[in-house]
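> fold the following and give me the result.
(one chain, ligands or ions: 1)
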Amino acid sequence: MSLKVNCPRCKKELIWENSKFRPFCSDRCRLQDLGSWFMEEHLISDEENTSLEALEQLQNDPQKVN
Ligand SMILES: [Zn+2]
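Residues are numbered from 1 along each chain as shown. Coordinates of the predicted model:
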């Protein structure tokens, strides 16, 4: 009796016991999924960078204060 699962990346059916890259069907799918996680974190950090624009505006503001 073997457990069949679907690769989270490409939805291909694979035998759980036979896959050394589980839950993915292949090393390629595993790396692609890791890559998408990395990209998401990268996008989140980019959003945090928008606060830099706010800092630049604050740096321009002292002229108005003076
Ligand atoms: Zn796959």
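> phi and psi next, for W16.
Backbone torsions of W16, given as degrees, to the nearest 10, read phi -50, psi -50.
> state the distance from the spatially closest residue to it that is not a sequence neighbour to S19.
In space, W16 comes closest to L3 once its chain neighbours are excluded; the distance is 4.1 Å by Cβ to Cβ, 6 or more residues apart in numbering. For every residue, glycine as well, the C-beta is placed using N, CA and C. With distances taken as Cβ to Cβ, to the nearest Å, L3 is found 10 Å from S19.
> comparing those two, which residue is more hemmed in?
S19 (15 against 10; other Cβ atoms under 10 Å).
> for the spatially most central residue of the chain, helix, strand, or coil?
For the chain, the residue whose C-alpha lies nearest the mean C-alpha position (Cα atoms, centre = their mean) is W37; its distance is 1.9 Å. Look at W37: counting by DSSP: H, G, I helix; E, B strand; the rest coil, its state is helix.
> for it, what are its contacts?
With contact set as Cβ atoms under 8 Å, 6 or more residues apart in numbering, W37 has no partners.
> check what pLDDT it gets.
pLDDT for W37: 79.
> measure it to D27 for me?
16 Å.
> same deal with Q57?
For Q57, the distance to D27 equals 46 Å [Cβ to Cβ].
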